[in-house]
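# Here is a sequence together with a model predicted from it:
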Amino acid sequence: MLQTFYNNFGFVGSIAIAMFIFLSFIFWMAGIAGISQLPHSRKKTAKLVASVLFPPYPIIWLFVDMFRQRKSMKNSTI
C-alpha cells in the first residue's frame, strides 16, 4: 500500500498520507473511548453504534468535547 502511495504521490506525499491515516485512526479510537465513558443510557448506545458505522462522528465528537471542556475551564477560573 505504501509503495502505491509512493509511486503516485512521491516520498513526501506518501509520508503525509500515511501520517494522516494514522492520526485519523488515533483520533477515531480516542473518540470511541470518550464516548464509551459516558453514563449508561440509550443515547450512549446509539452514539457508540454511530461511531463504529460512521468513523468521522467520534472525531467530531472529540473536538466538540474538547471545546466544551476548554469553555468550561475558562468560565470556572474567573
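Arrived safely. Numbering: from 1, shown residues only.

# quick one: low-confidence parts of this structure?
The chain contains residues with pLDDT under 70 at 2, 77-78.

# tell me how far the helix or strand containing residue 35 is from the chain's mean position?
If you go by DSSP states H and E, residue 35 is part of helix 2-36. Centroid separation for helix 2-36 versus its chain: 12 Å, with Cα atoms, centre = their mean, to the nearest Å.

# Which is the succeeding secondary structure element to that helix?
helix 42-53.

# Could you give me the buried positions within that following helix?
47, 48, 51 (16 or more other Cβ atoms under 10 Å). Using the backbone N, CA and C atoms, a C-beta is placed for each residue, glycine as well.

# quick one: which of the residues you listed is nearest to residue 36?
residue 48 (6.4 Å; Cβ to Cβ).

# How many residues are close by the closest residue to the closest one other than its chain neighbours?
Excluding the flanking residues, the one nearest residue 48 by Cβ to Cβ, 6 or more residues apart in numbering is residue 35, at 5.8 Å. Residues within reach of residue 35, counting by other Cβ atoms under 10 Å, total 19.

# Provide a list of residues in contact with residue 35.
By Cβ atoms under 8 Å, 6 or more residues apart in numbering, the contact list for residue 35 reads 44, 47, 48, 51, 58, 61.

# Residues touching stretch 50-60, excluding its own?
By Cβ under 8 Å, 6+ apart, the list of residues contacting stretch 50-60 from outside reads 24, 27, 28, 30, 31, 32, 34, 35, 47, 61.

# Report the distance from it to the chain centre.
Chain-centre distance of stretch 50-60: 8 Å, with Cα atoms, centre = their mean.

# Kindly report the same for stretch 29-45.
13 Å.

# Go through it and flag the buried ones.
31, 32, 34, 35.

# Quick one: these as CSV, columns for distance to residue 15 too.
Below are the buried residues of stretch 29-45 laid out as CSV (distance: Cβ to Cβ, whole Å):
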residue, distance to residue 15
31, 24
32, 26
34, 28
35, 31
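
# hmm, back to that, if I take the helix holding residue 35 and helix 42-53, what angle do their directions form?
Per axes from the mean of the first three to the mean of the last three Cα atoms, to 10 degrees, the angle that helix 2-36 makes with helix 42-53 is 180 degrees.
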